[in-house]
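> I need the structure of the sequence given here:
(chains A and B)
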Amino acid sequence: MTSPRRGGAATRHLLPVADRADTARLAWSLLRRRRLPLTAAAAGFALAGLLGLAAPWVLGDLVDVIRNGGEVTDVVRAAVVVAGAAVLGGAASGLAIIGLGHAAVPALARLREDVVARALELDPEHVEEAGAGDLLARVNDDVRSVTQSLDEALPITIESAVAIGFTTVGLAALDWRLGFAGLCAMPFYVMGLRWYLPRSAPRYAEERVAQSERAEALLSGLHGSRTLREIGYERAWAGHVADRSQRAMSVSIGVFGMLTRFFGRTNRAELVGLLLVLGTSFVLVRSGQVTVGAATTAALFFHRLFNPIGGLLLTFDQVQAAGASLARLAGLARLAPAPTADVAPSTTLPGLRLEAIRHRYPDGDDVLHDVDLRVEPGERVALVGATGAGKSTLALIAAGHLAPTSGSRALGGTAYEELGSDGVRARAALVTQQVHVFAGTLRDNLSLAAPDADDDRLRDALTRTGDSGWVDALEDGLDTAVGGDGHALTPSQAQQVALARVVLADRPVVVLDEATAEAGSSGARLLDRAADVALAGRTALVVAHRLSQAAAADRIVVLDRGKVAEEGTHAELLARAGTYATLWASWSQS
Amino acid sequence: MLRRHRGRLVLSYTLLSIWQVCEALVPVAIGLIIDRAIAPGDLTAFVVGAIALTVLMGVLSLSYRFGARLGFGAVQREQHALRLEIFDHVLDPDGARTGLLAGETVSVATGDALAVSTVVRQLGYAVSALVATAASAIYLLWLDVALGLLVLVGVPLIVAASQLLSPVIARRFGAEQAAVAGASGMATDLIQGMRPLKGVGAERVAAERYRRSSRSAERAALRTVRGWGALSAATTGLSGLLLAAVALLAGSRALSGELSLGEFVAIVGLTQFLAEPVSQLGWLGADAARSYASARRIADVLATPRLVGEGGNAPEPPYALELDHVSAGPLRDLVLKAAPGDLVGVVVDDPAASDAMVSVLTGERVPDSGAALLGGTPVSSLGTRERRSVLLVAAHRVDLFDGSVRFNVDPHGRHDDDALTRILTASAAEDLVTAHPDGLERRVRASGSLSGGQRQRIAFARALAHDTPVLLLQDPTSAVDSVTEEAIARGLRATRHGSAPRTTVVITSSPSLLAQADHVVLVLDGRTVATGPHTQLLERADYVEAVLR
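Prediction:
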């Protein structure tokens, strides 16, 4: 919106995705802080796994008891052991799930908080280039995917892995040859995985892309629904979104078909393992080396593994998808937080000095050539020029929101590089054309700029930037929900709120980029006055859209195709009869 | 929902049932092999048993593969169908007053649609679990009535006991979903407002707000986790207890010789196996409750009212546009007439009044008194399709879409390149395509990539390209410089008011546009105070005050 011209052919700079090692490191650093629940989870899983072996072991023994004509008390004892193991095992498994949740849920919450904090620090130019959809998909879909796998898949995965480990040990404890027979099934499982993983990974990636395209199409349709309806394109757009949904669907179905073929390979491994265990038992029992009871236990052990292995593989894709989501989240979370510089605001009003500023966008658009601009302390300078002259770019550069290709910038005599981006932002506020009413109360919208301000100060800021009668007319005053599904503010009210934020932010330097334009021309006049108040007593650079704004400035700089064409007061420039005088004539004719 | 995919689902559920029965038969086969082959050391019996086991596993594997695929396909189709319903509702010609953030709607169309449709698949697993349980019970009853009864009564008891926990979990899960959606909605909103946030250096404050919202989602998630933990403890413990009871009974029967060794192994193996389908059935309640919560959210969205009321009339030519003593919010007894072919300027001092005019003309707002008439018919009684084919209302807010300049100006593809170039020239937007190697195919993004003025000129070109008999423009040149504004004003006159004049009403305070108008209506405080040509009105002090210079 406010962003200056950008060609279509620019290469997309995508947002970072962490590699596997970095993702694991990050996950571990988040989990490490929650030792107690993590230990409880580990103990719970181990205990549950161990107790799970009790039933087949005892029941196998029972087979021998039966064959050898034992006592009823033996049967009762076995049943009591099974019952006890079940109760304890259930408790252990409950403990494990709760412990895991208490370790992982807060870790995930920290992660998503870091992600949003880093995302908000990103350069908006960069985000728009990468596609806001990607960023939004990360804070929504990826967070959801990881949450879901924490709730369901992760406990199953761990439980299953533990059961497999313990059972293998149990088999070997019966007889090493039985353990070996069980292990012989492993290569078949591995073969299945090796067939599946390399094939499925790109398909899952394709699925995610299809899903994010679907979300992006729906989002822009919703944002522009009024226009779509007006031009009679809403059904066609719904059709476009439906196409995306259809595509996402067929990709998903394809991926699932592959998954079921993978399960077929799992069944093959199960069969091979079971036959090997039974065959080994056959040989060992015939040669009298193990009892029929031990053979029974072995068969029950291996059969018991069907579900855990199935569970493990069933959740594998979910865990894999969550892993990919985690990597995307980690990619953002691992970005270095913006340094917190020493932001002690200067006591005297600083001047702004830009020297030899050149700027070229990545697509090769040369926007600014050697622009020198000076705003003395407390002075108001207006930037005037036709569309495309580079006004908005220069405003972003002056406010420290965009680094020029070359040139030097200083505030109050200190270079921007030395102040750091925090230092510059602590001194300079920027109002852009994009007017956004944040979902929340009116107070939330204002206090963004001054979290500690009380109601009096918030109201005062509104009153100073225009008529605040409309606030009192609202049912809940400052507590009225606005933005999103709340009360819709008119464009000029929204713009007034934006200017009130500038008053509240109370920065010595203000850069105003066509701030009154979006309110529509009918509200512009009121907002011109509001801007007057917001700029009073500050060093100000105003991108003048209305020439009335320029006439009210102390000095005017006329930009023409990225160069300073004229400079002087309103009266001086009129007297020069140059570009500005022509513009003024066109503006004030009729 | 189930009906929509009946054939597919019946086949899927049958195959899944075969799969589960085969799973139940595996322990029976193991018992037989131990009893008949391993214990007596009979090689022939072992070979026969191994072949039978191989066949059993083959059937098991294939029935799962195709049963699950069919079920998954039904889930996907159902999900897609639900999404289409949502898309159709929110992108209806009459609009929808959902009251949801765009991000929330997306979350309903993805997350909730998934949760609802998954029930189709869960039901398949539940049916097959039930069939396998029944088959096992029949086998057990046949072996021993008491044992059979124990399983037949025990299994439903376990399911019932774990069901007690389901509503609690569902409630907590619902609260968690809502909290997560709230946090996601906030993140989306903050990211969309990134530039204004950065302008006043409020990134940290915003991140802190998100942190609070995330913490409340975290607390909700922990409550759900505790519910899952309790449910897992209950199902594991109870199914183990049943196994103990079965072992006790079967063991004593086997001791007394009433059951063979193989039958004992089969019974124990079966009971151990049954823990799985039984806990499947146990989860079903929680899953169903979760789907129900999502289904309600979808139903809520689909039940939201339309923005525009019912009305099926079509306007009749000639298409004059008239506001006949309209009162609606800030509008008080507003009078405005645009005869066919007129270019009328409207100067409105109050932006709220200007917005009210726009919503009255789109039919979103019905006047408290008076009427907006299009070709003599009240707009509120017109169908949206009929109204917009005659009257295009181009509101001030500019919406562009991902796609080419051509697509954004002429989405329906009604104009050839020459006509489009003429329209872009009239909109002072030809530099956007002539100075770009891709020309009319130049990519435009929904947000960003173009300046406010460039976006506004594309939207203006779109309004011209649409070429309706009547056009209302709201502040079409607020983001362009005065030289461009002058060019646009002449372009508007030339395009719409040349040889076959159309009717145009433009709300503006731009002298350039007003000078082109046949007459200008001055609206102060929601009332019409004066009407006349621009030059004549310039003699009035209040007009000069309202028309920004």
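> mind listing what residue B:410 touches?
B:420, B:462, B:465 (CB atoms under 8 Å, 6 or more residues apart in numbering or on different chains). Just so you know, the C-beta spots here come from the backbone N, C-alpha and C atoms, and that holds for glycine as well.
> one more time with 6 Å, if that's ok
Neighbouring residues of residue B:410 by CB atoms under 6 Å, 6 or more residues apart in numbering or on different chains: residue B:465.
> Against residue A:379, how distant is the residue in chain B that chain A sits nearest to?
Chain A sits closest to residue B:240 of chain B, with a gap of 1.9 Å, by CB to the nearest CB. Distance, residue B:240 to residue A:379, using CB to CB, to the nearest Å: 82 Å.
> Can you pick out the residue with more neighbours from these two?
Using other CB atoms under 10 Å in any protein chain shown, the more surrounded residue of residue B:240 and residue A:379 is residue B:240, with 26 against 17.
> quick check: domain ranges of chain A?
Taking automatic domain parsing as the reference, chain A has its domains at A:20-333, A:352-588.
> in the stretch 301-450 of chain A, which spans are strands?
Counting by DSSP state E, counting those that start in this stretch, residue ranges of the strands within the stretch 301-450 of chain A are A:352-360, A:366-375, A:380-384, A:406-411, A:414-415, A:428-431, A:440-441.
> Tell me which residues touch the spatially most central residue of chain B, please.
Centroid-nearest residue in chain B, with CA atoms, centre = their mean: residue B:109, separated by 2.9 Å. Contact analysis of residue B:109 by CB under 6 Å, 6+ apart lists B:83, B:86.
> low-confidence ranges in chain B?
Segments of chain B classed as low confidence (criterion: pLDDT under 70) are B:1-4, B:275, B:279, B:282-283, B:286, B:447-449, B:548-549.
> longest helix anywhere in it?
In chain B, assigned by DSSP state H, the helix with the most residues is helix B:203-255.
> coming back round to it: could you find the closest non-adjacent residue to the residue of chain B closest to chain A?
residue A:86 (1.9 Å; CB to CB, 6 or more residues apart in numbering or on different chains).
> what's the angle from the helix or strand containing that neighbour to helix B:203-255?
Element membership for residue A:86 (DSSP states H and E) is helix A:72-121. Relative orientation of helix A:72-121 with respect to helix B:203-255: 170 degrees, computed using axes from the mean of the first three to the mean of the last three CA atoms, to 10 degrees.
> Identify the bridge partners of residue A:374.
Residue A:374 has these beta-bridge partners by DSSP bridges: residue A:353.
> ok, it - how many residues close by?
15.
> ok so, going back, out of the strands of the stretch 301-450 of chain A, which one sits most buried?
Sort these by mean neighbour count, taking mean count of other CB atoms under 10 Å in any protein chain shown, and strand A:428-431 sits at the top with a mean of 28.
> who's in contact with that strand?
By CB under 6 Å, 6+ apart, strand A:428-431 touches A:399, A:498, A:502, A:505, A:507, A:509, A:510, A:511, A:512, A:515, B:199, B:200.
> Restricted to helices, list these.
Among the contacts of strand A:428-431, the members falling in helices (DSSP H) are A:498, A:502, A:505, B:199.
> For the residue nearest to residue B:240, give me its contacts.
B:237, B:240, B:241.
> Now with 8 Å, please.
A:51, A:55, B:236, B:237, B:238, B:239, B:240, B:241, B:243, B:244 are the contacts of residue A:86 under CB under 8 Å, 6+ apart.
> mind giving me the domain ranges of chain B?
Using automatic domain parsing, chain B is parsed into the domains B:3-302, B:321-546.
> Residue A:549: which of these is closest?
domain B:321-546 (11.8 Å; CB to CB).
> first to last residue in the closest one, what's the distance?
End-to-end distance for domain B:321-546, by CA to CA, to the nearest Å: 24 Å.
> mind checking how far it is from the chain centre?
Relative to the chain's own centre, domain B:321-546 is displaced by 31 Å; criterion: CA atoms, centre = their mean, to the nearest Å.
> which element is the residue in chain A sticking out farthest from the centre on?
Here chain A reaches farthest from its C-alpha mean at residue A:69, the gap being 66.6 Å by CA atoms, centre = their mean. Secondary structure from DSSP H and E places residue A:69 outside every helix and strand.
> Roughly how far does it sit from residue A:75?
When residue A:69 is compared with residue A:75 (using CB to CB), they lie 12 Å apart.
> list the residues that contact both of these two?
residue B:255.
> my read: residue B:221 touches residue A:101, true?
Yes. Counting by CB atoms under 8 Å, residue B:221 touches residue A:101, with 7.4 Å between them.
> Between the two, which contacts overlap?
In contact with both residue B:221 and residue A:101: residue A:151, using CB under 8 Å, 6+ apart.
> Strands of the stretch 301-450 of chain B, start to end?
Under DSSP E, counting those that start in this stretch, the stretch 301-450 of chain B gives strands at B:321-328, B:331-338, B:343-348, B:369-374, B:377-378, B:391-394, B:403-404, B:443-444.
> can you redo those as TSV with mean neighbour count?
TSV is the format used below for the strands of the stretch 301-450 of chain B (neighbours: other CB atoms under 10 Å in any protein chain shown):
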stretch	mean neighbour count
strand B:321-328	20
strand B:331-338	20
strand B:343-348	26
strand B:369-374	20
strand B:377-378	18
strand B:391-394	25
strand B:403-404	17
strand B:443-444	20
